[in-house]
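1. Please work out how this folds:
(2 chains)
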Amino acid sequence: MRTFFKRHAAPARAAFMAAAGAACLASSPGASAHAVVGDRVFPATLTVDDPGVGDEFDTQFGHIKTPDDSGNDMSVNTVSYEWDKLITKNLAFSVSSDYVSQNDPNGGSTKGWDNVTVGAKYLLYANARHEFMMSIGLETEIGGTGAKSIANSFSTFTPDFYFGKGFGDLPASLSYLRPFAITGELGPNLTTASSDNGPNSFGWGFTLQYSIPYLQDQVKDLGIPQPFKDMVLVVEAPMSTCTEGACAGQTTGTINPGFLWLNRYGQFGIEAQIPVNHLSGNHVGVLFDAHLYFDDIFPNSLGKPLFN
Amino acid sequence: MKNALVNSSLARGLVAALTLTVAQLAHAHAYPTHQAPSAGATVPTSQKDVAIDFDDGLEPAFSSITVTDAQGKPVTSGKAVVDPSNNKHMSVTLNPLTPGDYSVAWIAVAEDGHRTQGHYSFTVK
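-> Below is the predicted model:
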């Protein structure tokens, strides 16, 4: 999802696609901490980062077809990883990257590692009663650390704001809406390249979630069996709006309906990726995610903050 | 070939991670596996207690269940007790109940210190 647009594109299109890629980069490795605030668990969503911090490891596989420079479809597969490490209970560092395999029938096929991205994220505020939390972060894609055929030669800095709100505080008359939650991620993607080669963009994304565990445990036990009783239904919308150069004002992104299946030590997720417009693609893609909660698996070693 | 190698390495890594996970299953955030009465249930006035089973062992000193009536007044006859023979089970005894709506609020502190909480309602008829 992140960088497969960039190669073999005309300059204007390349600029736009680079912006789209940069924005996707900001949101794509977002599956980091699952976050607990009050009665609410915000799971690690696949493309829009959740509002919390934690000790976690995520790996993801993505497949999508997207137009190449000639307008023909090329197939892009990505395998990504992200490791999040708590330094204190509110501050986490992260490192992530992905391996991209791009199959273009017009001769643009290539494969290799994308740039390494490092990040820091700080949990600013949590309100248990209102199931609300927000964080700030800074991610840096380090230009030149990936394969030349895949990765950007320039770096991208993304200061981000994250929030999450559960609706457990709704009145009893709306109790079946309590399992809903929304999360969001907002931030500019500031590149070290010129506006022709790597224009800045603004990344924005939201999720709408409905938690079956929340419904069963806190609202009404409907006797929903496994595996459905541990599922969170989710729709994610990772978007990017180019803010300079020839692509200024153009928005790309996908709508990703899917589900997450949670257990005590991690979660699995599957989502479709539906392009929102022609610039974003013409085919539905798919994302598979496996996520480990290190704080639950290794509570006394790897999964606890370095400093309490 | 390169892809095959990558996929093979990834598969081995995932298997190792899963093996590690299984090998180290020990503690986690504790969440209910069974609640009696359950969320949204209607029960008779003969209901004697609220009992919750969790998916992890609890630290008795920091875990609790409170039950209140529609006016917010506690209706429990004592403190919640974690079963000494099964530390995943916590219960609290109730005073005689009259018809109405009741709220349960639980706090579970797992043996590794992770804290979770939840609340729900049930009705007595």
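2. Please count neighbours and contacts with C-alpha atoms only from this point.
-> OK.
3. what's the burial count for residue 83?
-> If you meant another chain, say so; for now it's chain A. Here the number of neighbours of residue A:83 (other Cα atoms under 10 Å in any protein chain shown) works out to 24.
4. could you do chain B instead?
-> Residue B:83, neighbours per other Cα under 10 Å, totals 13.
5. Show the contacting residues for it.
-> Taking Cα atoms under 8 Å, 6 or more residues apart in numbering or on different chains, we find residue B:83 in contact with B:89-91.
6. which phi and psi does it have?
-> Backbone torsions of residue B:83, given as degrees, to the nearest 10, read phi -60, psi 120.
7. so who does the residue nearest to residue B:88 when sequence neighbours are not counted touch?
-> The shortest distance from residue B:88 to any non-neighbouring residue, by Cα to Cα, 6 or more residues apart in numbering or on different chains, is to residue B:57 (4.5 Å). When contacts are counted by Cα under 8 Å, 6+ apart, residue B:57 touches B:27, B:30, B:86-89, B:110-111.
8. which of those residues are buried?
-> The neighbour count (16 or more other Cα atoms under 10 Å in any protein chain shown) marks B:27, B:30, B:87-89, B:110-111 as buried among these.
9. model confidence over stretch A:80-99, on average?
-> In this model, stretch A:80-99 has a mean pLDDT of 96.
10. I would like the residues contacting that stretch, please.
-> A:29, A:31-33, A:53-61, A:78-79, A:111-124, A:303-308.
11. Keep only those residues that also lie close to chain B.
-> For chain B, no contacts are drawn from these by Cα under 8 Å from any Cα of the partner chain.
12. Go ahead and build a PyMOL selection from the buried members of the residues you listed.
-> This is the PyMOL syntax for the buried subset of those, where burial follows 16+ other Cα under 10 Å:
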select buried, chain A and resi 29+31+32+33+53+54+55+56+57+58+59+60+61+78+79+111+112+113+114+115+116+117+118+119+120+121+122+123+124+303+304+305
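13. Among the contacts of stretch A:80-99, which lie within strands?
-> Within the contacts of stretch A:80-99, residues falling in strands by DSSP state E are A:56-61, A:78-79, A:111-113, A:117-124.
14. centroid residue for chain B?
-> residue B:32 (2.9 Å; Cα atoms, centre = their mean).
15. thinking that residue is in contact with residue B:52, fair?
-> Yes - using Cα atoms under 8 Å, residue B:32 is in contact with residue B:52, at 6.5 Å.
16. what residue ranges in the chain score low on pLDDT?
-> Just so you know, I chose chain A. Counting by pLDDT under 70, chain A contains low-confidence residues at A:1-34.
17. look at chain B instead
-> B:1-27.
18. what sits against the closest residue to chain B within the stretch 1-150 of chain A?
-> Nearest residue of the stretch 1-150 of chain A to chain B (Cα to the nearest Cα) works out as residue A:39 at 4.9 Å. Taking Cα under 8 Å, 6+ apart, we find residue A:39 in contact with A:128, A:131, A:168, B:116-119.
19. Out of those, flag the one nearest to residue A:105.
-> Residue A:105 lies nearest to residue A:131 out of those, by Cα to Cα, at 49.0 Å.
20. So what's the residue count around the closest one?
-> Neighbours around residue A:131, by other Cα under 10 Å: 21.
21. Distance of it relative to residue A:235?
-> 19 Å (Cα to Cα, to the nearest Å).
22. Please apply the same query to residue A:150.
-> 29 Å.
23. Repeat that for residue A:55.
-> 24 Å.
24. List the contacts of the residue nearest to the centre of chain B.
-> Contacts of residue B:32 (Cα under 8 Å, 6+ apart): A:217, B:52-55.
25. Taking those residues together, which two end up most distant?
-> Counting by Cα to Cα, the most remote pair of these is A:217 and B:55, 13.2 Å apart.
26. Which strand residues bridge the residue nearest to the centre of chain B?
-> With DSSP bridges as the criterion, residue B:32 is bridged to residue B:54.
27. What of residue A:267?
-> Beta-bridge partners of residue A:267, as defined by DSSP bridges: residue A:262, residue A:291.
28. ok, the nearest residue to residue A:289 once chain neighbours are set aside - contacts?
-> Closest residue in space to residue A:289, ignoring its immediate chain neighbours: residue A:60 at 4.4 Å, by Cα to Cα, 6+ apart. Shown in contact with residue A:60 (Cα under 8 Å, 6+ apart): A:78-81, A:287-290.
29. how about the strands of the stretch 201-308 of chain A, start to end?
-> In the stretch 201-308 of chain A, strands defined by DSSP state E, counting those that start in this stretch lie at A:201-211, A:231-242, A:251-262, A:266-275, A:285-293, listed in chain order.
30. want to throw the ones you listed into JSON lines with mean neighbour count and distance to residue B:79?
-> Compiled in JSON lines, these are given as follows (neighbours: other Cα atoms under 10 Å in any protein chain shown; distance: least, Cα to Cα, whole Å):
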{"stretch": "strand A:201-211", "mean neighbour count": "24", "distance to residue B:79": "31"}
{"stretch": "strand A:231-242", "mean neighbour count": "24", "distance to residue B:79": "33"}
{"stretch": "strand A:251-262", "mean neighbour count": "22", "distance to residue B:79": "32"}
{"stretch": "strand A:266-275", "mean neighbour count": "22", "distance to residue B:79": "33"}
{"stretch": "strand A:285-293", "mean neighbour count": "23", "distance to residue B:79": "32"}
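31. follow-up on the earlier one: filter the contacts of residue B:83 down to just the ones in strands.
-> Reading strands off the contacts of residue B:83 with DSSP E, I get B:89-91.
32. you'd agree residue B:123 is up against residue B:43?
-> Yes - with contact defined as Cα under 8 Å, residue B:123 counts as touching residue B:43 (6.3 Å).
33. Look at the two and report which has more neighbours.
-> Taking other Cα under 10 Å, residue B:123 and residue B:43 do not tie; residue B:123 has more neighbours (19 against 15).
34. what about that one, which SS state?
-> Under DSSP: H, G, I helix; E, B strand; the rest coil, the three-state class of residue B:123 is strand.
35. Would you map the helices across chain B?
-> B:2-23 (DSSP state H).
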